[in-house]
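Asker: Below: sequence and its predicted model.
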Amino acid sequence: MATPAELARHRAGPRTPTEHIWFDRYAPHRLQAWRRVQDPLADRCLADIPFQRPAGLLDEVERRAAARGGVYRDFLDHCFTVPGWVDFEAMELGRRMYRRHGALQGLVLMCSSLVEGYAHNKPSQVLVATGRLQKDVSRRIYETGQMLHNIAAPEGLRPGGLGHRTLMEVRLLHAAVRRFLAERGDWDEARYDLPINQEDMAGTVLEFDYMVVRGLKRLGLYISAEEHRAMHYFWRYAGYLLGVDEALLTSTVEEQEVLALQLTAHLYEPTPDSEALAKALLRDMANKPPFHLPYDVLLAFSRFLIGDAVADDLRLHSKVSSAAAVRLVRATLSAASLGQRLLPETAKRRLEDFNHGLGRRTLKVGLGGDPARWGFKALG
């Protein structure tokens with residue numbers, strides 16, 4: 001757990017009859033069962049498609065769906081069938097919030113969500129096994145940023161939108177990684193369960209949603225209950241497109257908190273690998289756009305966001321001066337957030353467009369001017 005308050009919250013257990021249902025739904029033995037389930041629709045598609053960049057995987061699935069139908073058509077049908085609980089207008093505020101705070105979202109994701117996620121030893125072993133975050137680390141992070149940027153684009157998550165397509169590409173990439181690990185034959189299934197399983201995928205959604213909102217609030221940003229609900233709703237549908245079973249897609253912010261508490265209690269097991277992944281990430285992203293922050297300052301941001309307990313477990317320590325700088329930044333962001341609340345709607349939309357444009361320029365630099373070199377075909 002990141003904070004003593006969250007530890008206490010978990011120890012206290014359910015407070016209402018509804019929370020009793022949620023605590024039971026996400027009890028450790030039930031979560032463990034989800035570790036034996038992957039993504040059959042995507043996995044069947046990738047059974048005999050050569051490993052290639054994500055856009056190429058989706059292009060090939062679309063070609064085979066047109067020519068053969070079968071499992072390839074099943075996959076596309078699932079992605080293009082909008083569940084009855086989806087209301088694109090209702091999630092528009094969530095899209096705008098992620099667009100408005102795009103740069104800070106990236107900072108929180110890097111220093112909090114991903115770092116804290118590495119303390120979950122079982123899911124992190126996929127990164128260790130593939131070397132995906134030990135080689136060319138910053139490229140991998142900017143590709144993740146490209147995905148987040150694309151889903152926040154106008155019409156991003158609507159079927160046919162750029163973000164919708166990008167999430168389909170990510171889903172197929174996950175299937176390709178699962179097949180790669182299976183064919184290599186050295187994955188320790190008895191110890192780590194199936195790679196990129198449903199619990200791991202639900203945890204990834206939490207990293208992009210629950211942990212990001214939590215981190216933004218810790219940095220002093222004001223996010224209303226309505227905005228928080230919309231951000232959660234936005235990622236609920238994004239999770240569906242990524243292949244997360246609907247049983248693990250929480251329907252409220254309160255239910256999501258219980259899932260996060262239960263999942264962390266089930267998976268939290270920091271190891272030397274966790275420390276190595278966290279430090280490799282922060283070291284490689286030091287002095288890179290958009291913030292150009294030194295390694296020690298990134299360590300300080302990480303420690304501030306994930307809390308002392310997790311930071312100590314990962315041996316993330318910074319200088320006193322860097323920690324003081326982070327707290328000064330927080331005070332500044334808090335004041336700026338208050339000012340944002342007073343802006344008229346047109347000014348807020350211009351701010352969102354400006355931040356989205358800044359994100360596009362940052363990603364072009366970070367991706368070497370060529371987003372398609374390995375990652376996704378287009379940048380929104």
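Answerer: Yep, it's here.
Asker: can you count the residues close to Leu305?
Answerer: The tally of other residues near Leu305 (other CB atoms under 10 Å) stands at 25. Every residue, glycine included, has its C-beta placed from N, CA and C.
Asker: oh sorry, the question was meant for Gly13
Answerer: Counted by other CB under 10 Å, the residues lying close to Gly13 total 11.
Asker: Mean confidence (pLDDT) on stretch 79-90, please.
Answerer: Stretch 79-90 shows a mean pLDDT of 97.
Asker: Just the CA atoms of it, as CSV, please.
Answerer: Only the C-alpha atoms of stretch 79-90 are listed here, as CSV (Å, rounded to 0.1, in the frame of the first residue of the first chain):
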residue,chain,number,x,y,z
CYS,A,79,-14.1,-4.5,-30.4
PHE,A,80,-16.7,-2.8,-32.5
THR,A,81,-19.7,-3.9,-30.5
VAL,A,82,-20.4,-1.1,-28.0
PRO,A,83,-21.7,-2.5,-24.7
GLY,A,84,-25.1,-1.2,-23.5
TRP,A,85,-23.6,0.5,-20.5
VAL,A,86,-21.5,2.8,-22.7
ASP,A,87,-22.6,6.4,-23.2
PHE,A,88,-20.0,8.4,-25.1
GLU,A,89,-21.4,11.7,-24.2
ALA,A,90,-21.2,10.8,-20.5
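Asker: Could you tell me which residues within that stretch count as buried?
Answerer: Judged by neighbour count (16 or more other CB atoms under 10 Å), stretch 79-90 contains these buried residues: Cys79.
Asker: Please apply the same query to stretch 223-237.
Answerer: When burial is assessed from 16+ other CB under 10 Å, stretch 223-237 yields the following buried residues: 223, 227-237.
Asker: Select from those every entry located in strands.
Answerer: Counting by DSSP state E, no part of the buried residues of stretch 223-237 is found in strands.
Asker: could you redo the residues you listed as TSV and give each row pLDDT?
Answerer: Putting those into TSV (pLDDT from 0 to 100) gives the following:
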residue	pLDDT
Ile223	97
Glu227	97
His228	97
Arg229	97
Ala230	97
Met231	97
His232	98
Tyr233	98
Phe234	98
Trp235	98
Arg236	98
Tyr237	98
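Asker: Widest-spaced pair of the residues you listed?
Answerer: Maximum pairwise distance in the buried residues of stretch 223-237, criterion CB to CB, is 19.1 Å, between Ile223 and Tyr237.
Asker: Which one of the buried residues of stretch 223-237 is nearest to Ala152?
Answerer: Nearest to Ala152 among the buried residues of stretch 223-237: Phe234, at 8.8 Å, using CB to CB.
Asker: So the closest one versus Asp209, what's the distance?
Answerer: According to CB to CB, to the nearest Å, Phe234 and Asp209 sit 8 Å apart.
Asker: next one: Gln340
Answerer: In this structure, Gln340 lies at 21 Å from Asp209, with CB to CB as the measure.
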